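# Model the structure of this input:
(one chain, ligands or ions: 3)
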Amino acid sequence: MTEAVARNFILESRLRIALERNEFVLHYQPKVDLQTRSIVGAEALIRWDSPGTGLVSPMEFIPLMEETGLILEAGAWALRQAARDHREWVRRGLAAPRVAVNVSAIQSRQRDFVDAVTDAVGRGAASSPIDLELTESVLMKDIEGNIAKLNALRALGMKVAIDDFGTGHSSLAYLARLPVDALKIDRSFVITMLDDPGAMSLVQTIITLAKSLRLTTIAEGVETEEQAKMLRLLRCDQMQGYLISKPLPMEAMAGLLAVR
Ligand code: C2E
Ligand code: MG
Ligand code: MG
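Residues are numbered from 1 along each chain as shown. Ligands and ions are numbered 1, 2, ... in the order given. Model (predicted):
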């Protein structure tokens, strides 16, 4: 117990220093159209480039950042950086796709969430090339508050996706009212889909539900051609996963956009 507390305390102070020293980087994972395989978007995923340790996965530090509130600063940084990287791709004449940034519950619960996002991505006249991913449980918690916030963000041209869909506790009545654009089918269903008829019918049901609500479907964590083929048959719209590409550093993503 005390050991865990001490470990967290050390990690927290290291994360504060890392934020000051700008040690975080975004990697980008392409989202492709399931029919054409052309890149239709990218997801920004944070990593900590810790001197001496190397790249640290967000699973190792996001939970503590959420506990300590550091996620507010890190989240704003991620939005700013994604917008900067997107501008740089455009400046180089690349066909830069829209970039989706993950947003944590702590961020979206802030009263000034809409302003914080707008400040971070810049208040340009043109519509924003940045999209947001929020998890199901976050969106279902404060429905009325979220509807207002999402409407304000979508008015700026941002698209909103529900991340890890199928793992939370969505109320169908609420889902129909939420102003969102896409559902991301959780990786756990994609992995088991071909062996587990239960997972398969769940994926099928999510896609049908999304279609009836006019939402785009994006399958997460697609690793094999068999999975991609099945998802295409089920009329899923987009996929991302190691089959197409792992998350890539900004420059490598630029390289991928250049060969398009
Ligand atoms: P997520 O948003 O659901 O992101 C998908 C995760 O699945 C990423 O892990 C990605 O690298 C991984 N992935 C993608 N395709 C495959 C595949 O084919 N196979 C396997 N095994 N994994 C795949 P990552 O980058 O470690 O991120 C984990 C989670 O951390 C994310 O889940 C997201 O919830 C959170 N996260 C990442 N960046 C941020 C951020 O900037 N802000 C916040 N609040 N959370 C973030
Ligand atoms: Mg995500
Ligand atoms: Mg996900």
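# what's the distance between the closest residue to Gly157 other than its chain neighbours and Arg98?
Among residues not flanking Gly157 along the chain, Ser127 sits closest, at 2.7 Å (C-beta to C-beta, 6 or more residues apart in numbering). (C-beta placed from N, C-alpha, C; glycine too.) The gap separating Ser127 from Arg98 is 10 Å, by C-beta to C-beta, to the nearest Å.
# The two: which is more packed in?
Per other C-beta atoms under 10 Å, whichever of Ser127 and Arg98 has more neighbours is Arg98, with 16 against 10.
# So for that one, what's the pLDDT?
What the model reports as pLDDT for Arg98 is 97.
# Around ligand 2, which positions in the protein sit nearby?
Asn102, Glu133, Asp163 (C-beta under 5 Å from the ion).
# Which one of these is nearest to ligand 3?
Asp163 (4.4 Å; C-beta to the ion).
# where in the chain is pLDDT low?
Scanning the chain for pLDDT under 70 picks out the ranges 125, 260.
# how about the helices of it, start to end?
In the chain, the helices defined using DSSP state H lie at 2-20, 58-68, 70-91, 105-109, 113-121, 136-141, 143-155, 172-177, 187-192, 197-212, 225-233, 250-258.
# Which one of these lies nearest to Gly52?
helix 2-20 (10.7 Å; C-beta to C-beta).
# ok, back up a step: any idea how far the residue nearest to Gly157 lies from ligand 1?
According to C-beta to the nearest ligand atom, to the nearest Å, Ser127 stands 22 Å off from ligand 1.
# So that residue sits against Ala155, correct?
No. Counting by C-beta atoms under 8 Å, Ser127 stays clear of Ala155, with 9.4 Å between them.
# near ligand 1 at all, the longest strand seen in the chain?
Determined from DSSP state E, the single longest strand within the chain is strand 39-50. Yes. On the criterion C-beta under 6 Å from any ligand atom, strand 39-50 is in touch with ligand 1 at Leu45, Ile46.
# Likewise for stretch 250-258?
No. Using C-beta under 6 Å from any ligand atom, stretch 250-258 stays clear of ligand 1, with a minimum separation of 13.3 Å.
# Give me the contacts around that stretch.
25-28, 30, 39, 42, 85, 88-89, 92, 94-97, 245, 248 (C-beta atoms under 8 Å, 6 or more residues apart in numbering).
# buried subset of those residues?
26-28, 30, 39, 42, 85, 89, 94, 96-97, 245, 248 (16 or more other C-beta atoms under 10 Å).
# out of those, who's near ligand 3?
For ligand 3, no contacts are drawn from those by C-beta under 5 Å from the ion.
# I'd like these laid out as TSV, including distance to Ala76.
What follows is the buried ones among the contacts of stretch 250-258, written out as TSV (distance: C-beta to C-beta, whole Å):
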residue	distance to Ala76
Leu26	13
His27	18
Tyr28	19
Pro30	24
Ile39	26
Ala42	19
Asp85	15
Trp89	21
Leu94	25
Ala96	21
Pro97	22
Ser245	27
Leu248	23
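# Out of those residues, the closest to Gln107 would be?
Of all the buried ones among the contacts of stretch 250-258, Gln107 sits closest to Leu26, with 15.9 Å by C-beta to C-beta.
# Leu55 - nearest residue in space that isn't next to it in sequence?
Nearest one to Leu55, counting by C-beta to C-beta, 6+ apart, is Arg47 at 4.7 Å.
# if I pick the one you found, what's in contact with it?
Residues near Arg47 by C-beta under 8 Å, 6+ apart: Phe24, Val25, Leu26, His27, Leu55, Val56, Ser57, Pro58.
# correct me, but the last one touches Leu45?
Put plainly, it is Pro58. Yes. Using C-beta under 8 Å, Pro58 is in contact with Leu45, at 6.7 Å.
# which residues do these two both contact?
Counting by C-beta under 8 Å, 6+ apart, nothing touches both Pro58 and Leu45.
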